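Trainee: give me coordinates for this.
(one chain, ligands or ions: 3)
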Amino acid sequence: METELRLESSLWVGNKRYRAVLSGWHFNWTEVDKKNRDKKTISVPVAEVVGVEEGRVEILPRKSVEDTDKDFTVFYVKRSSSGSSYGLLWRLGRIQFSCPSRVLRDQWTKHLRTALKTHSPLRPNRLLVFINPFGGKKKGRKIYHSLVAPLFELAGISSHVIVTERANQARDHLLKKDLKGFDGVVCVGGDGMFSEILHGLIGRTQQEAGLSENDPTVALQPCPLHIGIIPAGSTDCVCYATVGVIDPVTSALHIIIGDSQPLDVCSVHQASALMRYSVSLLGYGFYGDVLAESEKHRWMGPLRYDYSGTMVYLSNRSYAGIVQYLPADPLLSSPRDRTRCLSGCSVLGVSLNVASCLSFCAFPGEWVSVEGRFRCVSLTCMSSSCPKSPLGLSPSAHLADGTGDLILVWDTHPLGFLKFLYRHTSTQDQFDLPFVEVHRVKAVRFSLPSERDTGQEMTNEQKMATPFLCGLCCSKVPAKSVWNCDGEILSSTEILCRIHGQLVRLYARGIEEGAAVHNCGKENDKCQMGCTLIK
Ligand SMILES: CCCCCCCCCCCCC/C=C/[C@@H](O)[C@H](COP(=O)(O)O)NC(=O)CCCCCCCCCCCCCCC
Ligand SMILES: Nc1ncnc2c1ncn2[C@@H]1O[C@H](COP(=O)(O)OP(=O)(O)O)[C@@H](O)[C@H]1O
Ligand SMILES: [Ca+2]
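Mentor: Ligands and ions are numbered 1, 2, ... in the order given. Down below sits the predicted model:
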């Protein structure tokens, strides 16, 4: 089959002659200029060819087609460094070849198209697109129509676009409407919008499989449709943590070529009912308070989190709680092993025997229990990196290993907590502080101490410590906080969480790092799949 797809010939690009070769996984072209022997070869993996068109075709800044007999145009993924972000920006590359005959031209286009289908079988033909017109800076519609739709059209993807008119419309559509014929669902918006798609697709899949989402011991069915994220929100953490940059064109190109990245999902239950799913931040204390405060200032747009973050920091609160967790196998990985989950990462979920030991009563020995006052308790299934924190809440967490990282920040003095927060903005280790613990876990349970212990009556010492500028934003110190579940406030405080390995798949491939050193000893572009980074 590989020999069948091989094609090699002399072609022209402008007035220069090139040797073009299509073989196996690659398409490359080299200038054959005698005076300049060391002209570089440009090599494109066939899986990264976006489209092949007969004639002279331009799509930027405007689409134009000159239908000639001997020319063909190839569009492909071109990488460039993104400056501030850790990942690489993808752009649309374009090259226009001229053939000596029409027969040869047709042979090239036919072979390239066949190779492309063979090497990237998950390319979507038909997509269901939801746009949240009010996410982030309210630019969702513009981002989609000006940057994404032209690329989908070039790649021959047909899309059904729905601009939402209310919250939860996308979720309800996915739960109830006919989804036949769609290969994937695209979300134009932020983490909240992604969460709607996530709930719709997971719910629909379980309905069809006859499984109960309420039962935390049930092994849920993975979703058959892929999810694509075009970032147009405030935090855009899911996009950043799975692609490495917040860039609509990069994300659109990952969707077009049918990249596939599995993702762990955490189900959050109260008593025996499912409350929500989470992929990035499930946080009590600081992050819960920030979200609750920020909801009052939605008009500020993405800035609301900085404003509320500062206010909540100044209010200097901590909360009593009991945290119980089921540790993951420490021999497989650790949240402090300083590896990073990069594209092709090999730390994947092994079949975890969670269900059998989820029952706390039946297997008390497997669970670890801690109690005390916390600044925050956070659980994240992935690194949760975002522009505010480029390495994320847990820099060594893995996207698809079936575990989450539980971060416990014990009550401490205000400057200590500021240090912890500030370390998220750099490469300094935020876990290397005496009041911080991090555990790789399969399940977590959170409960409140009995009324008597929650500190309704605070000790004098606590009273002294608590109202650190507290008068700025609150008059009374509440005894409990709320849970922030991927940007939604949960209605209940006592919860049970379980991580489901690889429950959904995104059109992404994990973070491709720019100028990094890898432990396979090779330079970045030659790095072997699955190697890990050394700092
Ligand atoms: C001093 C600098 C501190 C920087 C600390 C940065 C930690 C950031 C970790 C962010 C993890 C994000 C996880 C994702 C959450 C989202 O699902 C979720 C929903 O997003 P959406 O509205 O786009 O739909 N987003 C959130 O819940 C936002 C959480 C953001 C917390 C940011 C806190 C900023 C704190 C600033 C504190 C400043 C203290 C200054 C004192 C003088
Ligand atoms: N048409 C709409 N009107 C109001 N809210 C909507 C609409 N469409 C989606 N939403 C909701 O808006 C919330 C925030 O959206 P998101 O796209 O995540 O933006 P942001 O990142 O700015 O929070 C989501 O929880 C989503 O359910
Ligand atoms: Ca994980």
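Trainee: contacting residues around the residue of the chain found nearest ligand 2?
Mentor: Nearest to ligand 2, among the residues of the chain, is residue 190, at 2.2 Å (CB to the nearest ligand atom). Every residue, glycine included, has its C-beta placed from N, CA and C. By CB atoms under 8 Å, 6 or more residues apart in numbering, residue 190 lies in contact with 132, 135, 136, 231, 232, 233, 234, 235, 236, 487.
Trainee: and it, what's its pLDDT?
Mentor: We note a pLDDT of 94 for residue 190 in this prediction.
Trainee: ligand 3 versus the residue lying closest to it once chain neighbours are set aside, what's the distance?
Mentor: Distance criterion CB to CB, 6 or more residues apart in numbering; nearest residue to residue 190, sequence neighbours excluded, is residue 233 at 1.4 Å. With the distance defined as CB to the ion, to the nearest Å, residue 233 ends up 22 Å from ligand 3.
Trainee: quick one: low-confidence ranges for the chain?
Mentor: 1-4, 34-38, 82-85, 349-365, 452-477, 514-535 (pLDDT under 70).
Trainee: get me the contact residues on it for ligand 3.
Mentor: 264, 381, 398, 401 (CB under 5 Å from the ion).
Trainee: spell out which residues of the stretch 101-250 of the chain are next to ligand 1.
Mentor: 190, 191, 192, 233, 234, 235, 236, 237 (CB under 6 Å from any ligand atom).
Trainee: what's the neighbour count on the fifth one?
Mentor: Put plainly, it is residue 234. 23 (other CB atoms under 10 Å).
Trainee: now for it: which residues touch it?
Mentor: 135, 136, 190, 191, 301, 302, 304, 305.
Trainee: filter these down to the buried ones, ChimeraX style.
Mentor: Those of the contacts of residue 234 that count as buried under 16 or more other CB atoms under 10 Å are selected in ChimeraX with:
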select :135,136,190,191,302,304,305
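Trainee: strands along the stretch 251-400 of the chain, start to end?
Mentor: Under the criterion DSSP state E, counting those that start in this stretch, the stretch 251-400 of the chain contains strands at 261-270, 273-278, 282-285, 319-327, 368-380.
Trainee: most packed of those?
Mentor: Looking across these with neighbours counted as mean count of other CB atoms under 10 Å, the highest average goes to strand 282-285: a mean of 26.
Trainee: ok so, going back, please name the residues that touch the residue nearest to residue 190.
Mentor: 132, 135, 136, 189, 190, 191, 192, 193, 194.
Trainee: out of those, which are inside strands?
Mentor: Among the contacts of residue 233, DSSP state E puts residue 189 in strands.
Trainee: the contacts of residue 233: which two are farthest apart?
Mentor: 136 and 194 (12.2 Å; CB to CB).
Trainee: for the residue of the stretch 201-350 of the chain found nearest ligand 1, which non-adjacent residue is closest in space?
Mentor: As assessed by CB to the nearest ligand atom, ligand 1 sits closest to residue 309 within the stretch 201-350 of the chain, at 2.5 Å. The shortest distance from residue 309 to any non-neighbouring residue, by CB to CB, 6+ apart, is to residue 290 (5.1 Å).
Trainee: count the residues that sit near that neighbour.
Mentor: 23.
Trainee: element containing residue 97?
Mentor: Residue 97 is located in strand 88-98, with elements delineated by DSSP states H and E.
Trainee: show the subsequent helix or strand relative to that strand.
Mentor: Sequence order places helix 102-119 as the next helix or strand after strand 88-98, per DSSP H and E.
Trainee: quick one: buried residues of that following helix?
Mentor: Quick answer for helix 102-119 (16+ other CB under 10 Å): 104, 105, 108, 109, 111, 112, 115, 116, 119.
Trainee: do the same with stretch 14-29
Mentor: If you call a residue buried by 16+ other CB under 10 Å, then stretch 14-29 has these buried ones: 18, 20, 21, 22, 25, 26, 27, 29.
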